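**Q** Sequence first, then the predicted structure:
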Amino acid sequence: MPLNLPTAITWLRVAIIPVLVGLFHADATGLPQREIDQLAAGLFLVAALSDWLDGWLARRLGQTSSFGAFLDPVADKLIVATALVELVAQQRIPTWIAVVIIGREIAVSALREWMAGVGRRNSVAVNALGKAKTVAQMVAILLLLLNAPLFGIDLPGIGSRLAVLAAGLTMVSMVVYLKAALVNADS
């Protein structure tokens, strides 16, 4: 397992997960909920930005690796799933949104594994729709973690609408990936 700067940044995302969970269960600290929300949102923002940064650095520094290619999406899915489960527990999003998003991530990961097994992994590579889904999802989670208006702007309301949009994009992108896989599986 090569440990380079991009991989270390990816490990940072993994390390954020227990801290994020701990924040949501930090009743004993005496911190006001507003501060807990801000800390959680800040950690999630660091994780989201580090997702972009580690990939950019890996390509820029020529430090891509098969381990990094494996760990990066795992870290992404774990941090998103953790945040979604905590948002459901806090009753900030409906359970169905978390189930749709987490279920799609599991299904598409399994689909990519299957396609790699038949030598067609590139047929289910990330596309523009998947990237749009990710942006909507990350911004929605961030706004829902903040859970307060900012300068009179209803961030939780915007976050809720973006979460519904992300769930819709999630389903559409999964169908696109499934169709691509079915077309390419037998060719």
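**A** Nice, I can see it.
**Q** C-alpha from now on. contacts and neighbour counts both.
**A** OK.
**Q** Go through the protein and flag its longest helix.
**A** helix 155-185 (DSSP state H).
**Q** So which elements touch that one?
**A** Where contact means 3 or more C-alpha pairs under 8 Å, 6 or more residues apart in numbering; DSSP states H and E, helix 155-185 is packed against helix 95-117, helix 128-146.
**Q** Tell me which of these is the most buried.
**A** helix 128-146 (a mean of 20; mean count of other C-alpha atoms under 10 Å).
**Q** domain parsing for this protein?
**A** Split into domains by automatic domain parsing, the chain comes to 1-91, 93-187.
**Q** Turn these into CSV, columns for mean pLDDT.
**A** Supplementary listing: the domains of the chain in CSV, determined by pLDDT from 0 to 100:
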stretch, mean pLDDT
domain 1-91, 88
domain 93-187, 86
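**Q** quick one, what contacts the spatially most central residue of the chain?
**A** In the chain, the centroid-proximal residue (C-alpha atoms, centre = their mean) is Val80; its distance is 3.7 Å. Contact partners of Val80, counting by C-alpha atoms under 8 Å, 6 or more residues apart in numbering, are Met138.
**Q** just use 692 as the starting number from now, easier for me
**A** Done: numbering now begins at 692, and the last item shifts to Val771.
**Q** Quickly find the element holding it.
**A** helix 757-780 (DSSP states H and E).
**Q** hmm, back to that, please identify which of the helices and strands packed on helix 846-876 is closest to Ala738.
**A** Ala738 lies closest, by C-alpha to C-alpha, to one member of the helices and strands packed on helix 846-876: helix 819-837, at 9.9 Å.
**Q** For the helix holding Val771, C-alpha coordinates in PDB please.
**A** This file holds the C-alpha atoms of helix 757-780, laid out as PDB (Å, rounded to 0.1, in the frame of the first residue of the first chain):
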ATOM      1  CA  SER A 757      -4.600   1.000  -7.700                       C
ATOM      2  CA  PHE A 758      -5.000   1.300  -3.900                       C
ATOM      3  CA  GLY A 759      -5.900   5.000  -4.100                       C
ATOM      4  CA  ALA A 760      -8.400   4.200  -6.900                       C
ATOM      5  CA  PHE A 761     -10.000   1.600  -4.600                       C
ATOM      6  CA  LEU A 762      -9.900   3.700  -1.400                       C
ATOM      7  CA  ASP A 763     -11.100   7.000  -2.800                       C
ATOM      8  CA  PRO A 764     -14.700   5.900  -3.700                       C
ATOM      9  CA  VAL A 765     -14.900   3.800  -0.500                       C
ATOM     10  CA  ALA A 766     -14.100   6.900   1.600                       C
ATOM     11  CA  ASP A 767     -16.600   9.000  -0.400                       C
ATOM     12  CA  LYS A 768     -19.400   6.500   0.000                       C
ATOM     13  CA  LEU A 769     -18.700   6.000   3.700                       C
ATOM     14  CA  ILE A 770     -18.700   9.700   4.600                       C
ATOM     15  CA  VAL A 771     -21.900  10.300   2.600                       C
ATOM     16  CA  ALA A 772     -23.600   7.300   4.100                       C
ATOM     17  CA  THR A 773     -22.600   8.300   7.600                       C
ATOM     18  CA  ALA A 774     -23.900  11.900   7.000                       C
ATOM     19  CA  LEU A 775     -27.100  10.600   5.600                       C
ATOM     20  CA  VAL A 776     -27.800   8.200   8.400                       C
ATOM     21  CA  GLU A 777     -27.100  10.900  10.900                       C
ATOM     22  CA  LEU A 778     -29.400  13.300   9.100                       C
ATOM     23  CA  VAL A 779     -32.200  10.700   9.200                       C
ATOM     24  CA  ALA A 780     -31.500  10.200  12.900                       C
END
